[in-house]
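Trainee: Model the following, please.
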Amino acid sequence: MKKITEKQRERDVRRSLFHRSQRKLPASDLVIEFNEPEWLRVNKWVDEEKDLGLNVRHASSKNRRGLVITLPEIMNFSSHFDVTVQHLNAIRKLTTNKSFFGDGNMPKKAYKLAKVNFDNLKEISTSSALVLTAEISRWDDSIRRNLTPQVDGCLLYTS
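Mentor: Numbering: from 1, shown residues only. As a prediction, this is how the structure comes out:
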């Protein structure tokens with residue numbers, strides 16, 4: 001057996017101690033990560049937010065994936081931040097969900113934004129109006145500028 005130097009022995013001891021100190025997880029603690037599709041995450045988010053007060057409903061009994069978002073009475077970032085952001089995020093996520101598929105078909109179970117109802121909206125701040133306009137413009141772009149307003153009920157919808 002070849003004799004090792006003091007420096008080599010010290011290096012081997014350090015390496016050994018380093019490897020012993022690292023904690024190894026038992027097999028039961030290993031987490032297998034499952035990447036669920038984006039549309040499924042959006043569907044779950046909408047369902048959770050509906051329980052927290054998001055005013056959303058299905059467009060019709062036939063069209064179970066088309067959603068109608070009814071805006072709250074007051075949209076203001078300073079006084080009603082949570083409700084305002086909740087509704088704007090819903091529009092953003094449902095619009096992103098639609099544009100994520102591009103020209104391809106969305107899965108049948110994926111929620112899509114069918115209408116935005118302005119009937120309850122009585123007061124809106126300048127900043128939240130700007131963000132709402134940007135989100136509706138993004139939605140309009142994702143459906144190739146096919147939004148048409150329904151004037152008698154203040155409702156935007158896709159045809």
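
Trainee: Report the contact partners of the residue nearest in space to the middle of the chain.
Mentor: Closest to where the C-alpha atoms of the chain average out (C-alpha atoms, centre = their mean) is residue 93, at 4.6 Å. Residues in contact with residue 93 (C-beta atoms under 8 Å, 6 or more residues apart in numbering) are 42, 45, 46. C-betas here are computed from N, CA, C, even on glycine.

Trainee: switch to 10 Å and redo it
Mentor: Residue 93 makes contact with 38, 41, 42, 43, 45, 46, 49, 111, 113, according to C-beta atoms under 10 Å, 6 or more residues apart in numbering.

Trainee: next one: phi and psi at it?
Mentor: phi -70, psi -40 (degrees, to the nearest 10).

Trainee: Check it and give its pLDDT.
Mentor: Listed pLDDT for residue 93 reads 91.

Trainee: can you check residue 126 too?
Mentor: 95.

Trainee: give me phi/psi at it?
Mentor: phi -60, psi -40.

Trainee: Now do the one helix or strand residue 69 maps to: which elements does it pack against?
Mentor: Using DSSP states H and E, residue 69 maps to strand 66-70. Packing contacts for strand 66-70, counted by 3 or more C-beta pairs under 10 Å, 6 or more residues apart in numbering; DSSP states H and E, involve helix 38-51, strand 56-58, helix 81-100, strand 112-117, strand 155-158.

Trainee: okay, the first one in PDB with CA atoms only?
Mentor: Presented in PDB, the C-alpha positions along helix 38-51 are these (Å, rounded to 0.1, in the frame of the first residue of the first chain):
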ATOM      1  CA  GLU A  38     -51.800  26.000 -17.600                       C
ATOM      2  CA  TRP A  39     -55.600  25.900 -18.400                       C
ATOM      3  CA  LEU A  40     -56.200  23.500 -15.400                       C
ATOM      4  CA  ARG A  41     -54.300  25.900 -13.100                       C
ATOM      5  CA  VAL A  42     -56.500  28.800 -14.300                       C
ATOM      6  CA  ASN A  43     -59.600  26.700 -13.800                       C
ATOM      7  CA  LYS A  44     -58.600  25.900 -10.200                       C
ATOM      8  CA  TRP A  45     -57.700  29.500  -9.500                       C
ATOM      9  CA  VAL A  46     -61.100  30.800 -10.800                       C
ATOM     10  CA  ASP A  47     -62.900  28.200  -8.700                       C
ATOM     11  CA  GLU A  48     -61.000  29.200  -5.600                       C
ATOM     12  CA  GLU A  49     -61.500  32.900  -6.200                       C
ATOM     13  CA  LYS A  50     -65.200  32.300  -6.800                       C
ATOM     14  CA  ASP A  51     -65.400  31.100  -3.200                       C
END
